[in-house]
Structures are given as structure tokens and as C-alpha cells.
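Participant: Provided below are the primary sequence and the corresponding predicted coordinates.
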Amino acid sequence: MADKQRETLGTRLGFIFLAAGCAIGLGNVWRFPFITGQYGGAAFVLVYALFLVMFTMPIMVMEFATGRASQLSMTRSFAKLRPEHKIWSLWGYIAWAGNYILMMFYTTVTGWMLAYTYYSFTGKLEGITAESAGTFFGALLQDERTLMLWMALAVVIGFCVCWSSLQGGVERITKIMMGCLLTIMIALAFRSMTLPGASKGLEFYLKPDFGKFREHGIWTTIYAALGQAFFTLSVGMGGMAIFGSYISRDNSLTGEALIVTGLDTFVAIMAGLIIFPACFAYGIKPDAGPGLLFVTLPNMFSFMPGGRIWGSLFFLFMSFAALSTVIAVFENIIAGYIDLCGWTRHKASFVTSLSILVLSVPCVLGFNRWAGFQPLGAGTGVLDLEDFIVSDNVLPIGSVIYLLFCVTRYGWGWDNFIREADAGAGPHFPKGLRWYFTYIVPVIMLGIIFMGYYDKFIK
């Protein structure tokens, strides 16, 4: 099949926002704050940031490199760069399927964000108590028709953005969305930090206390920080590779990865600056867990002066963060169809959206009609199974695959990777660390995978 003329991004900023949009999502603004609260605040943040630099960001560079060198999505990039060893291409199809599985539950959760944005703007969350907030969210999960509508809205938004073109649709809308997201975050963080009593939350979040490590166990905390570092940047599923295939060789990929990682980390840190000062100001436990978002925070906003406005902005910001990932993953799946089947963008967008709309139904029903299906034990559901497949398997295994493909002679090889990564202006990849990336990082990554299984099935 002859390769068609590759679509390209119009600006470097478009690439940065698209790659950051793929990384920035609920892992930053939902999972990061509550896991930071659970593991002691600032000390956890420092360890997490260290692991970003030591492990995750270099693998992001490798994924960028495979995309830019091949000018193809994950479905064909491995075959083009290493045609004599077709076994590598198998991962391209697995990762493509992983993107589908991610959307099977992520569209439902994005629908929750859109719903709460609407409920907050229309005043339905005003005066809500902690108890009634839990009841309200539980009622939403039980209403399968309402859940279907909000999930479908998330799918339709992804379809509309990706339908027209890369530059005119995906790039332009992502720039607007990311600009709004960053603006709303700064406003919310300023409001939260100026609340009476917010200083205790800032101290909890920004002043390291390594004594907190002993409360959960040093290794448990380190494992949690390492897992979050890989989860937050979404490496391993080809998302970074596809955006790497859309850019020129004007800038080095290490420099681009530094910017994307920095922006992703900025959003995660700012999410903490929004949540923790407000939690301490209103006497809310910072380790409230996932319920912090849909139960605890709506109750907090209902008592805050101007809470309806601030609550609406908060859930709008959450919606933008979630939608940025939806659009990025849609584009990844669409590009796979274009490269593999030779389809037009319009046909690929339609098939992608329709299939995701159908495949997302089990996650919606998992909270109501299929609530009895508990695949990973009591209290779990369809979402937990789908999240386990992606977070505990596809993402970490994919990271190992990209790593080994770029550093070993059985894959693309170190020299080819370095040549591509260092092309263009900007910082170069640390060549002296080849031994570290070849022998140390894979062992650590396999350890993460093992610990994920241990926590799920043995502990």
C-alpha cells in the first residue's frame, strides 16, 4: 500500500498542546491530587517528579522518535522501522486495541464531568450536603439513560473535532481548549489559595515531610509514585508516536518531551493547589480518595462564597482536561485506520466514533443493570476491568516495548534512535546512559507490572 501524503501540524505550539492534551487528563487532575493526599503531600510529589525525569520522560522521547522517523501511526511504524522482525508490529495492534479499551470507559467518565459542569451551572448542586452529594452521584450512576446521553455527548465532541482535518479541527480546537484549561486553572488556584485557612493546605502540599512515608511504608509510597509517573504521561500506547509523526525535524525530541512533561506536571501541581488549600480551609480530609471529586468538592463549593461560579469553573476545567485526552486518543485510533486501511479521515472518524459509542455501553451498564458483574472482586465493575487492562497492562508493557525497541539491536537500535531523537535544535538525549536504559529501566518497569498484579490479586 503506497503511503499517502502525511498530514502535518501547522505550529509547534499545536504539537505541544496536542501531546500535552494526550498526557493531561484525569490522571493529573483527579488521580494525582487524591493519591498525593493519601501518601503525605509534598514528599510524595518530590519522588514522583524524580521518577518522571528518570524513567517516564525518556520513554516519551523514544515514542516520539518512532513516530517521527516512520511518519506513521503505531499500526505500521514498527514494521517500517524494523521490517525484518515483524514480531514488533504485533504490539502496534495491541496498543491500538488498548486505545479503544481506554475510550470504552474514559468517555463515560468524561460524561460525568460534562454532567457536573451542567448541574453546577444550572444550580442543581447549590446547598448540597456531603450526604446528599453522595446520593446525587449514586442516582446519576443508576440512571442508565442519562449516563448514555452524557457518554454519547463526549463521543460526539470527539467526532466533531477530528472529522474535518488535523490542522483545522484537532489542532485548532485543542489550542483553544488547552488555553481555556490553563486560564481556568490559574483562576481557581488563586481563589483557593486566598481562602481563610488555606495556608495549612499549602504547607501540606508544598512542605516535604518524609516522616509521612513511614505511615504507608517506604516501598509502598515509592511504588505509588512510580506508578503515577508512568500513568500520567500516557506512554506505551502510541499516543505520543502519532503526534511525533506529525512534526518536522526542526527541534530535538528531548526538548519537546521536556516541554510536554513540564506542562503535564504544571497541570498536576496546579490541580493540587486548587484542591488542597480548599480542603483545609473547609476542614475536608485531603485523602478522601476518588470520592473527593463528585462527593466532597460539590459539598465544599456549596458553602463557598460564589461557590456556584467557582464550582462551575472547576467542573468545566475537569471537562476540558478529560476532553483533551478523548480528542487525542480519537486521533490516534483514526490515524491507525488511515495508515492501515487507506481510509479517508471522514470515514475513519465515522467508524471510530460509531464503534466507540457501541463499545462504551458496557461501562455505562456496569453501574446499574450489570452491577452484579464484579470481575476483579467485590465492589469492582466493568470500568475497573477496563482500567486494569489499560493502566496495569497496556501502558507499562507498552513502555517496555518502546524502550527495548529503541535500545536493543533486536529492535530499531540505539544508534538509529539517537540519530532521530537528536535531530533539530535543542537538548540532546543523554547518550552515556545507554547501559542504564538497556538494563536498569526494563527491570524496574517489569517490577511495576508485577507489583500491579500483586496488589490486585495477591495482597
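Facilitator: Perfect, I can see it now. It should be emphasised that the depicted structure is a prediction, and the values quoted were computed from it without experimental measurement. Numbering: from 1, shown residues only.

Participant: C-alpha only now, for contacts and for neighbours.
Facilitator: Will do.

Participant: contacts for the host helix or strand of Thr66 next, please.
Facilitator: In the assignment (DSSP states H and E), Thr66 maps to helix 57-70. Here helix 57-70 makes contact (Cα atoms under 8 Å, 6 or more residues apart in numbering) with 73-74, 77-78, 80-81, 233, 235-236, 238, 240-249, 253-254, 257-258, 261, 399, 402-403, 406, 417, 420-421.

Participant: just the mean pLDDT for the following helix or strand past it, thanks.
Facilitator: Next helix or strand after helix 57-70 toward the C-terminus (DSSP H and E): helix 74-81. On average, the pLDDT along helix 74-81 is 93.

Participant: how far off helix 74-81 does the next helix or strand after helix 74-81 point, in degrees?
Facilitator: Using DSSP H and E, the helix or strand that follows helix 74-81 in sequence is helix 87-121. Here helix 87-121 points in a direction 150 degrees away from that of helix 74-81 (axes from the mean of the first three to the mean of the last three Cα atoms, to 10 degrees).

Participant: so which bits of helix 87-121 are buried?
Facilitator: Residues 88-89, 91-121 are the ones in helix 87-121 that count as buried (16 or more other Cα atoms under 10 Å).

Participant: repeat for stretch 237-253
Facilitator: Buried residues in stretch 237-253 (16+ other Cα under 10 Å): 237-248, 251-253.

Participant: max pairwise distance over those: which two?
Facilitator: Across those, the longest distance by Cα to Cα is 23.1 Å; it joins Met237 and Asn251.

Participant: endpoints of stretch 121-129, how far apart?
Facilitator: The straight-line separation of the ends of stretch 121-129 (Cα to Cα, to the nearest Å) is 17 Å.

Participant: and that stretch, what's buried?
Facilitator: Judged by neighbour count using 16+ other Cα under 10 Å, the buried positions of stretch 121-129 are Phe121, Leu125, Glu126, Gly127, Ile128, Thr129.

Participant: and if you look at stretch 372-384?
Facilitator: Using 16+ other Cα under 10 Å as the test for burial, stretch 372-384 gives Phe373, Gln374, Thr380, Gly381, Val382, Leu383, Asp384.

Participant: relative to Leu147, how far out is the second one?
Facilitator: The one in question is Gln374. 20 Å.

Participant: and for the fifth one?
Facilitator: Using Cα to Cα, Val382 is found at 14 Å from Leu147.

Participant: now do the SS call for Glu7.
Facilitator: Using DSSP: H, G, I helix; E, B strand; the rest coil, the structure places Glu7 in coil.

Participant: checking the residue nearest to Leu395 when sequence neighbours are not counted next. Helix, strand or coil?
Facilitator: Leaving aside its sequence neighbours, Leu395 sits nearest to Gly236 (Cα to Cα, 6 or more residues apart in numbering; 4.8 Å). Of the three states, Gly236 takes coil according to three-state DSSP.

Participant: does Gly236 really touch Phe405, like I thought?
Facilitator: No: Gly236 is beyond contact range of Phe405, at 11.7 Å (criterion: Cα atoms under 8 Å).

Participant: of these two, who's got more company?
Facilitator: Shown here are Gly236 and Phe405; by other Cα atoms under 10 Å, Gly236 has more neighbours (31 against 23).

Participant: if I look at that one, how far off is Phe64?
Facilitator: According to Cα to Cα, Gly236 and Phe64 sit 11 Å apart.

Participant: same question for Leu263.
Facilitator: Per Cα to Cα, Leu263 is found 16 Å from Phe64.

Participant: tell me which of those two has more neighbours.
Facilitator: Each of Leu263 and Phe64 has its neighbours counted (other Cα under 10 Å); Phe64 has more, 29 against 20.

Participant: and the helix or strand hosting Arg308, how far from the chain's centre?
Facilitator: Element membership for Arg308, per DSSP H and E: helix 307-341. Remark: helix 307-341 is offset 10 Å from the chain centroid, using Cα atoms, centre = their mean, to the nearest Å.

Participant: can you check stretch 352-369 too?
Facilitator: 20 Å.

Participant: in it, what's buried?
Facilitator: Going by neighbour count (16+ other Cα under 10 Å), the buried part of stretch 352-369 is 352-353, 356-357, 359-368.

Participant: and what of stretch 53-67?
Facilitator: For stretch 53-67, burial by neighbour count (16+ other Cα under 10 Å) applies to 55-67.

Participant: what do you get for stretch 170-183?
Facilitator: By neighbour count with 16+ other Cα under 10 Å, stretch 170-183 contains the buried residues Val170, Glu171, Arg172, Ile173, Thr174, Lys175, Met177, Met178, Leu181, Leu182.

Participant: the second one: what's it in contact with?
Facilitator: The reference is to Glu171. Counting by Cα under 8 Å, 6+ apart, Glu171 touches Leu9, Gly10, Gly14, Phe15, Leu18.

Participant: which one of the residues you listed sits closest to Ala322?
Facilitator: Distance to Ala322, by Cα to Cα, is smallest for Leu18 among the contacts of Glu171, at 12.9 Å.

Participant: dump the helix or strand containing the closest one to CSV, restricted to CA.
Facilitator: Assigned by DSSP H and E, Leu18 belongs to helix 12-23. C-alpha atoms of helix 12-23 as CSV (Å, rounded to 0.1, in the frame of the first residue of the first chain):
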residue,chain,number,x,y,z
ARG,A,12,5.0,23.8,17.2
LEU,A,13,2.5,25.0,19.8
GLY,A,14,-0.1,22.8,18.3
PHE,A,15,2.1,19.8,18.7
ILE,A,16,3.0,20.7,22.3
PHE,A,17,-0.7,21.2,23.2
LEU,A,18,-1.8,18.0,21.4
ALA,A,19,0.9,15.9,23.1
ALA,A,20,0.2,17.5,26.4
GLY,A,21,-3.5,17.1,25.9
CYS,A,22,-3.0,13.3,25.4
ALA,A,23,-1.0,13.2,28.6
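
Participant: ok, so of the buried residues of stretch 170-183, who is nearest Met300?
Facilitator: Looking across the buried residues of stretch 170-183 and measuring by Cα to Cα, the closest to Met300 is Leu181, at 21.3 Å.
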